[in-house]
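Student: Give me a 3D structure for the following:
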Amino acid sequence: MGHAETTGIGAWTALNALVPDLVEAHRAVAVAQATEARLLATAVDLLLAREEQLRAAGARLSDADLPLRELSAELGAALRLSDRAVQRRLGDASSLVTGFPATAQAWQQGVIDAGHAGAILAAGLPLGPEHRSRFEDLALTAARTESAGRMPDIARVIAARVDPEGAADRIATRQADRRVRVVDLDDGMARLLADLPATLAHAIHDRLTSMAVTVRDGNGDHSPDPTAAADVIGAPTVVTTGRTRPESDSDGGADADAGAETRSIDQIRADILSDLLLGGAPVAHGDGLAAITGHVQVTVPARTLTGVGNAPALLAGNGPIDADTARCLAGAAPGWDRVFTDPYTGGVLAVDRYRPSEALKRYLRARDERCRFPGCRRQARGCDLDHTIDAALGGPTCAHNLCHFCRRHHTLKHATAWQVRQLQGGIIEWRSPTGRTYRDRPPATVTFVPDTDPPPF
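Tutor: Residues are numbered from 1 along each chain as shown. Just a heads-up that it's a prediction; the model follows:
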């Protein structure tokens, strides 16, 4: 079979026949996993009945966990799993079936898979019974269109918006657990682990990455990039510097390669981290690296910013953060962007700023947050801005003709038979070579929770 035939109509016909079979297989796996979860939940009911029998027979308190051990040992041996693994599965299955019945049903129907169900369970368990029904309804709506990989972040945001007071309490509790520890590895290595507030961790990683890129590409102008000062209005950020280009060598000979950087970005990041912690500055690299600051994007509702409301602030790419941290970032930010959202859908309508700047770019970063290919999680700051209709073909440079794609999916759009168009509300529709369409909604509309409280008049 020739190359032209394998890459032409015949190949797409074969793929078109394969896709529905693969989708059905994936659905069947989800149904089977949901059936297993329901059976495990039934086993928990048997366990509870067994415990009740023992209590009625006057069993000793010290033997209270023996029924669980008995049941877990039986199921573990039958499934070739450890009894401890079975115990964890029993707890999760029972919590899902009893606490989130609509999710269990959607899973049983193959509408969602194990990843979706697990994300909803993890984010919804801390909620009180009075919030769970609303949370589950909103989270399931998102799960029907979003990938399982995106669902943990989406579910956490929805949970925080449904119960902002509870989210604030949980954040405060978790921040009290911050610590640094070392885990010894083989061959003279060790792993340094730091549990930090998410805003600090992301800013540290961003600063290390900026420094690593500067070291790799050569030293240059390290002045701050004013367009990166605030990516979302109502969303103050920490300033980051612009990227630098390597300086050219006048001779262009062998000497130019003699000092070429051979370390990977990960290696350079690790080396700079050691410099900063041990020397107080990037002493092994120098030349302006200390001027590079970390960048984080935070969305803060206006009422929370003023201290009137309690809706959670959101860290892009992570989830809810406490209001005090958000207000602290806002006070230190050199500028804010103001984001106008639709009160009925949560979609971004417009972005403005007091000082003139690249408002369109800020609007698109606020709307997209990440690559707009279904399932991709790469943040917009690391993506390309692409004209949906090429500028060379007359496509306008405006919000309804621009969106963010990571380099991988940007290449997919231009170098393959995939096609893209942009619908109203910032919805991106991809059309595959087999003729199927896949839609990606802006994150703000996916995680939107309507405000049920009356205006504070």
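Student: Roughly how far does Ile9 sit from Thr345?
Tutor: With distances taken as CB to CB, to the nearest Å, Ile9 is found 40 Å from Thr345. The C-beta positions use only the backbone N, C-alpha and C, and glycine is treated the same way.
Student: more crowded one of the two?
Tutor: Thr345 (15 against 9; other CB atoms under 10 Å).
Student: neighbours around the residue lying closest to that one once chain neighbours are set aside, how many?
Tutor: In space, and not counting its chain neighbours, Thr345 is closest to Thr445: 5.1 Å by CB to CB, 6 or more residues apart in numbering. The local packing of Thr445 (other CB under 10 Å) involves 18 other residues.
Student: Spell out which helix or strand contains Thr445, please.
Tutor: Per DSSP states H and E: Thr445 is located in helix 443-446.
Student: swap in Ala159?
Tutor: For Ala159, the host element (DSSP H and E) is helix 151-162.
Student: on contacts alone, who are the packing partners of that helix?
Tutor: If contacts are counted by 3 or more CB pairs under 8 Å, 6 or more residues apart in numbering; DSSP states H and E, helix 151-162 sits against helix 114-124, helix 129-143, strand 319-321.
Student: Mind checking the pLDDT average for that helix?
Tutor: For helix 151-162, mean pLDDT is 94.
Student: what does it contact?
Tutor: 115-116, 119-120, 122-124, 126-127, 131, 134-135, 138-139, 142-143, 146, 167, 311-312, 314, 317-320, 377, 443, 446-447, 449 (CB atoms under 8 Å, 6 or more residues apart in numbering).
Student: Only alpha carbons, please: show it as CSV.
Tutor: Output of helix 151-162 as CSV, limited to C-alpha atoms (Å, rounded to 0.1, in the frame of the first residue of the first chain):
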residue,chain,number,x,y,z
MET,A,151,-12.0,17.4,36.2
PRO,A,152,-10.0,17.6,39.5
ASP,A,153,-9.3,21.3,39.1
ILE,A,154,-12.9,22.0,37.8
ALA,A,155,-14.5,20.1,40.7
ARG,A,156,-12.4,21.9,43.3
VAL,A,157,-13.4,25.3,41.9
ILE,A,158,-17.1,24.4,41.8
ALA,A,159,-16.9,23.0,45.4
ALA,A,160,-15.3,26.2,46.6
ARG,A,161,-17.9,28.4,44.9
VAL,A,162,-20.8,26.3,46.3
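Student: now that helix and helix 114-124, what's the angle there?
Tutor: Interaxial angle, helix 151-162 versus helix 114-124 (axes from the mean of the first three to the mean of the last three CA atoms, to 10 degrees): 30 degrees.
Student: How far away from the center of its chain is helix 151-162?
Tutor: Here helix 151-162 shows a centroid-to-chain-centroid distance of 11 Å under the convention CA atoms, centre = their mean, to the nearest Å.
Student: Helix 129-143 and that helix, what's the angle between them?
Tutor: Using the same axes, to 10 degrees: helix 151-162 against helix 129-143 is 140 degrees.
Student: Could I get the buried residue list for helix 151-162?
Tutor: Residues Met151, Pro152, Asp153, Ile154, Ala155, Arg156, Val157, Ile158, Ala159, Ala160, Arg161, Val162 are the ones in helix 151-162 that count as buried (16 or more other CB atoms under 10 Å).
Student: what's the answer for stretch 307-318, then?
Tutor: Residues Gly309, Ala311, Pro312, Ala313, Leu314, Leu315, Ala316, Gly317, Asn318 are the ones in stretch 307-318 that count as buried (16+ other CB under 10 Å).
Student: One more: stretch 68-80?
Tutor: Leu68, Leu71, Ser72, Leu75, Gly76.
Student: pLDDT (mean, whole number) over that stretch?
Tutor: Mean pLDDT, computed over stretch 68-80, is 90.
Student: cool, stretch 23-42 as well?
Tutor: Here stretch 23-42 scores 96 as its mean pLDDT.
Student: Give me the contact list for that stretch.
Tutor: Under CB under 8 Å, 6+ apart, the answer for stretch 23-42 is 75, 89-90, 92-94, 96-98, 104, 107-110, 112-114, 117.
Student: quick one: the strands in the stretch 51-200 of the chain?
Tutor: All strands of the stretch 51-200 of the chain, identified by DSSP state E, counting those that start in this stretch, fall at 179-184, 190-195.
Student: Comparing those, which stretch has the densest surroundings?
Tutor: strand 190-195 (a mean of 11; mean count of other CB atoms under 10 Å).
Student: Now do it against strand 179-184, angle only.
Tutor: Using the same axes, to 10 degrees: strand 190-195 against strand 179-184 is 160 degrees.
Student: other SSEs contacting strand 190-195?
Tutor: The contact analysis (3+ CB pairs under 8 Å, 6+ apart) places strand 190-195 against strand 179-184.
Student: Of the contacts of helix 151-162, select the buried ones using a ChimeraX command.
Tutor: Restricted to buried positions by 16+ other CB under 10 Å, the ChimeraX selection for the contacts of helix 151-162 reads:
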select :115,116,119,120,122,123,124,127,134,135,138,139,142,143,146,167,311,312,314,317,318,319,320,443,446,447,449
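Student: coming back round to it: looking at the strands of the stretch 51-200 of the chain, which is closest to Leu46?
Tutor: Among those, the nearest to Leu46 by CB to CB is strand 190-195 (38.5 Å).
Student: Direction included, what does the closest one pair against?
Tutor: Applying DSSP bridges, strand 190-195 is found paired with strand 179-184 (antiparallel).
Student: how far out from the middle of the chain is the partner strand?
Tutor: Distance, centroid of strand 179-184 to centroid of chain: 25 Å (CA atoms, centre = their mean).
Student: Count the residues that sit near Gln267.
Tutor: By other CB under 10 Å, 13 other residues sit near Gln267.
Student: for this protein, what's the longest helix?
Tutor: Determined from DSSP state H, the single longest helix within the chain is helix 9-56.
Student: Okay, buried residues for stretch 319-326 please.
Tutor: Buried residues in stretch 319-326, defined by neighbour count with 16+ other CB under 10 Å: Gly319, Pro320, Ile321, Asp322, Ala323, Thr325, Ala326.
Student: can you confirm Ala281 is in a helix?
Tutor: No: according to DSSP: H, G, I helix; E, B strand; the rest coil, Ala281 belongs to no helix; its state is coil.
Student: circling back to that earlier point, quick one: residues in contact with the helix holding Thr445.
Tutor: 142, 145-146, 154, 341-342, 345-348, 366-370, 425-426.
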